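[1] got a predicted model here, sequence first, then my questions.
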Amino acid sequence: MKKLCLLTVVLIWTSFSAAQYTNETVSVDATDAPRNILHSTLNIQAVPGPMTLVYPKWIPGNHRPTGPIQNMVGLHIKAGGKELEWQRDLVDMYAFQITVPDGVNQVEVSFDTITWNGKSSASSSQVMDLNWNQVIMYPSTGSIGDVLITASVRLPEGWKFGTSLEPAQKSGNSVNFSQVAMMELVDSPLIAGSHYRQIQLSKPGDPLPNVLDMVAESEAALQISDKDLASYKKLVEEAVKLFGVRHYDKYHFLLTLSNETAHHGLEHHQSSDNGSAEELFSDPDWHNLDADLLPHEFVHSWNGKFKRPRDLITLDFQKPMKGDLLWVYEGLTDYLGDILSARTGLRSPEQWRENAAYTAAMLDHRAGRAWRPLQDTATSVQISFNASAQWGDWRRGADYYPEGFLIWLEIDTMVRQQTKGQKTLNDFCRAFFGGPGDTPPMIFPYNFDDVVKALNGVAPYDWAKMLRERLDAKAAHAPLGGLENGGWKLVYTDQENTTMSARRKTGETLDLTFSLGLHLAKDGSVIDVIHDSPAYKAGVGPGMKVIAVNGRKYSKDIIRTALRTGVTDKQPMALLVENAEYYTTYSVDYHGGEKFPHLVRVDGKPDLLGEIIKPLTQ
Ligand SMILES: [Zn+2]
């Protein structure tokens with residue numbers, strides 16, 4: 001069973017005999033990308049009779065049914081030059097039934113994709129992020145392992161592009177790519193823009209080259225400092241040292257620098273699709289906040305793409321995925337991406353510790369810990385990932401990312417302690433994600449027991465028990481053992497945390513989570529309230545708006561000053577709050593002043609955190 005399954009998934013990325021292929025072409029006219037419309041035309045091999053065409057629903061890396069079917073419009077299907085009637089399935093909104101007439105062997109499908117959802121967009125007047133799953137359909141057969149597809153794209157005048165796909169022919173603004181398996185096309189996004197720059201990150205002569213492709217809203221945004229460039233080059237060296245081998249033929253870091261398009265990251269075998277601020281390289285706060293973006297997505301080439309939880313591997317884009325092992329897929333990637341941000345110098349050790357302190361403190365203020373174990377945040381990824389920010393501590397959201405950081409930090413420190421520094425989590429990474437040598441892109445499945453076995457291979461211990469305790473507990477507090485084993489402890493002072501300061505300045509929000517229990521927008525709107533916090537006990541809730549503090553019009557400075565003076569004058573803070581059409585004054589009885597998390601050294605304990613973030617390469 002295991003062997004058969006493994007063979008099947010590995011074959012997705014390799015080849016079939018010619019007779020088994022189903023052929024398809026997709027031409028994308030992206031000249032309307034600046035107004036967020038992509039025009040697709042597909043030719044799909046067909047046989048006469050009933051046929052079901054589907055639009056990709058479950059998107060790898062999203063782990064959820066996020067295919068934007070609601071944004072697919074203007075559908076027409078033709079065969080032999082004649083328009084065919086189509087009928088959407090009454091239950092599956094992603095499936096369309098047609099009848100292919102006699103005498104034809106292909107259908108032509110055309111539709112538009114709207115790439116703006118009202119909150120974020122995939123394009124602006126200067127840049128575009130093309131994800132092929134949004135512009136294709138395919139025959140519903142239960143597997144796309146035999147579908148080969150030839151893609152082409154027409155870009156806006158003067159735009160240049162980056163992708164791991166191999167261009168076969170370029171003509172003016174049009175590019176034809178070499179034929180690939182459909183799984184590979186969807187795994188190979190393309191970015192394009194009027195301001196473009198490509199930088200080689202690998203050492204000259206590296207047979208598996210790493211490239212940074214950037215598009216931006218301005219030419220100035222592409223100006224990367226020598227120090228940052230050295231850090232990104234070091235990222236490649238550090239990751240190769242960490243995992244020992246590589247599972248790609250080449251790797252493209254695709255980076256879009258824009259405040260008009262989504263800030264996000266999505267992993268692929270041979271590329272990653274990264275979106276950050278236009279000021280990433282010029283604003284120290286953006287630089288700090290997104291220092292782990294490229295490292296995180298790069299780690300996924302090993303953890304997530306090469307090695308993947310068995311139940312996240314599917315043979316097409318219509319079958320549901322199961323997210324119960326995302327605390328490895330995303331949690332360990334969060335940990336490794338984060339330590340790589342320090343090992344490469346993208347973050348200073350101090351910035352790294354401040355970020356760790358913020359993560360630990362945030363997870364230690366989660367009322368939802370009482371009802372929802374960490375395991376459930378991964379299991380319920382389909383609903384938890386995009387849950388709104390309101391009552392975030394009660395929902396817990398996608399805690400398998402940040403709490404995965406804490407758990408894998410704890411494991412790393414335990415391995416170091418138990419083996420007296422002879423072994424580390426780096427050894428686990430080499431054993432679990434490496435292998436005897438470099439390989440082209442492949443997928444290997446694993447389950448919970450495989451993770452435990454690999455950990456035992458590094459340091460014998462009852463890892464299954466430890467992990468199940470961390471995953472299934474309804475503990476009031478976050479697992480902070482890794483910090484403590486590492487020679488540091490979490491404390492709160494009135495000095496602002498560096499990560500929180502960066503978030504305040506870039507997001508224009510004010511996070512008073514650890515004092516009043518309030519998270520406020522620039523205009524005083526209450527983004528969130530922490531359970532059992534002073535603000536919660538006073539009656540404040542998300543969706544309300546703070547109008548005045550102690551009788552004076554709200555501003556960030558006014559409420560921060562009131563927090564400080566409340567320490568000595570012992571007067572409750574009066575918050576005048578708007579709730580729909582009514583105004584209420586809430587009395588918040590809190591006198592602890594401003595509180596922000598930090599890590600401080602524990603005397604006499606070795607600094608394992610310092611060891612962990614030391615580079616592996618010179
Ligand atoms: Zn990730």
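    Thanks, I have the structure now.
[2] the residue nearest in space to the middle of the chain: which element?
    With distances taken as CA atoms, centre = their mean, G265 lies nearest the centre of the chain, 4.5 Å away. G265 belongs to strand 264-267 when assigned by DSSP states H and E.
[3] report the buried residues of that strand.
    Across strand 264-267, burial judged by 16 or more other CB atoms under 10 Å covers 265-267. Backbone N, C-alpha and C define where each C-beta goes, glycine included.
[4] so where is the stretch 1-150 of the chain shaky, pLDDT-wise?
    Where the stretch 1-150 of the chain drops to pLDDT under 70, the residues are 1-19.
[5] can you pull out the helices in it?
    Assigned by DSSP state H, counting those that start in this stretch, the stretch 1-150 of the chain shows helices spanning 2-11.
[6] can you give me the neighbour number for the residue in it that the ion sits nearest to?
    As assessed by CB to the ion, the ion sits closest to G61 within the stretch 1-150 of the chain, at 7.4 Å. When neighbours are counted by other CB atoms under 10 Å, G61 registers 21.
[7] tell me the contacts of it?
    If you count contacts by CB atoms under 8 Å, 6 or more residues apart in numbering, G61 has them with 266-268, 300, 304.
[8] write out the residues of the stretch 251-400 of the chain neighbouring the ion.
    Applying CB under 5 Å from the ion, one finds that the stretch 251-400 of the chain approaches the ion through 330, 333.
[9] quick one, helices of the stretch 251-400 of the chain?
    Assignment of helices within the stretch 251-400 of the chain using DSSP H, counting those that start in this stretch yields the ranges 284-289, 293-299, 326-329, 331-343, 349-363, 374-379, 381-384, 392-395.
[10] in the host helix or strand of Y583, what counts as buried?
    According to DSSP H and E, Y583 maps onto strand 582-588. Neighbour-count burial for strand 582-588 flags 586, 588 (criterion: 16+ other CB under 10 Å).
[11] swap in stretch 549-564?
    Across stretch 549-564, burial judged by 16+ other CB under 10 Å covers 549-550, 554, 558-560, 562-563.
[12] which regions of this structure lie under the pLDDT threshold?
    Across the chain (using pLDDT under 70), the flagged ranges come out as 1-19.
[13] up against the ion, what does it have?
    Remark: the part of the chain in contact with the ion comprises 330, 333, using CB under 5 Å from the ion.
[14] rerun at 8 Å
    Contact residues, the chain versus the ion (CB under 8 Å from the ion): 61, 265, 267, 296-297, 300, 304, 329-330, 333-334, 337, 401.
[15] direction included, what does the very next helix or strand once past the strand holding Y583 pair up with?
    Per DSSP H and E, the first helix or strand lying C-terminal to strand 582-588 is strand 596-601. Neighbouring strands of strand 596-601 in its sheet, by DSSP bridges, are strand 488-493 (antiparallel).
[16] what's in contact with stretch 574-581?
    Taking CB under 8 Å, 6+ apart as the rule, stretch 574-581 contacts 526, 535, 538, 540-541, 543-551, 583-588.
[17] dump that stretch to CSV, restricted to CA.
    What follows is stretch 574-581 as a C-alpha-only set of coordinates in CSV (Å, rounded to 0.1, in the frame of the first residue of the first chain):
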residue,chain,number,x,y,z
ALA,A,574,-12.8,56.3,31.1
LEU,A,575,-13.2,55.1,27.5
LEU,A,576,-16.0,56.8,25.5
VAL,A,577,-17.0,54.2,23.0
GLU,A,578,-19.3,54.3,19.9
ASN,A,579,-21.3,51.1,19.4
ALA,A,580,-23.3,51.5,16.2
GLU,A,581,-25.5,54.6,16.9
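[18] how far does it sit from the chain's center?
    Averaging C-alpha positions (CA atoms, centre = their mean, to the nearest Å) puts stretch 574-581 36 Å from its chain's average.
[19] for it, list every residue counted as buried.
    By neighbour count on 16+ other CB under 10 Å, the buried set for stretch 574-581 is 574-578.
[20] distance of the closest residue to K605 other than its chain neighbours relative to H477?
    Nearest non-adjacent residue to K605, counting by CB to CB, 6 or more residues apart in numbering: G487, 3.9 Å away. For G487, the distance to H477 (CB to CB, to the nearest Å) stands at 19 Å.
[21] ok, back up a step: for the helices of the stretch 251-400 of the chain, could you give me JSON lines that also reports mean neighbour count and distance to V491?
    Formatted as JSON lines, those follow (neighbours: other CB atoms under 10 Å; distance: least, CB to CB, whole Å):
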{"stretch": "helix 284-289", "mean neighbour count": "20", "distance to V491": "21"}
{"stretch": "helix 293-299", "mean neighbour count": "26", "distance to V491": "27"}
{"stretch": "helix 326-329", "mean neighbour count": "26", "distance to V491": "27"}
{"stretch": "helix 331-343", "mean neighbour count": "26", "distance to V491": "20"}
{"stretch": "helix 349-363", "mean neighbour count": "22", "distance to V491": "8"}
{"stretch": "helix 374-379", "mean neighbour count": "23", "distance to V491": "24"}
{"stretch": "helix 381-384", "mean neighbour count": "18", "distance to V491": "30"}
{"stretch": "helix 392-395", "mean neighbour count": "21", "distance to V491": "20"}
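[22] ok, which of the ones you listed comes nearest I612?
    Set against I612 and scored by CB to CB, the helices of the stretch 251-400 of the chain come closest in helix 331-343, at 5.8 Å.
[23] show me what the closest one packs onto, helices and strands only.
    helix 226-243, helix 293-299, helix 349-363, helix 402-418 (3 or more CB pairs under 8 Å, 6 or more residues apart in numbering; DSSP states H and E).
[24] right, so of those, which gets closest to A33?
    A33 sits nearest to helix 293-299 of all the helices and strands packed on helix 331-343, at 22.7 Å, using CB to CB.
[25] for V54, what are its contacts?
    Applying CB under 8 Å, 6+ apart, we find V54 in contact with 92, 94-96, 137-140, 316-318.
[26] so what's it bridging to?
    Beta-bridge partners for V54, by DSSP bridges, are A95, Y138.
[27] from the ion, how far off is the closest residue in space to A478 that isn't next to it in sequence?
    Distance criterion CB to CB, 6+ apart; nearest residue to A478, sequence neighbours excluded, is L363 at 3.8 Å. From L363 over to the ion the distance is 17 Å, taken as CB to the ion, to the nearest Å.
[28] before we move on, what about R197?
    R197 sits at a distance of 25 Å from the ion (criterion: CB to the ion).
[29] now that residue, what's its secondary structure?
    Judged by DSSP: H, G, I helix; E, B strand; the rest coil, the three-state class of R197 is strand.
[30] check contacts around the residue lying closest to it once chain neighbours are set aside.
    Take R197 and drop its neighbours on the chain: the residue closest to it by CB to CB, 6+ apart is L222, 4.4 Å away. Applying CB under 8 Å, 6+ apart to L222 gives the contacts 195-197, 214, 216, 257.
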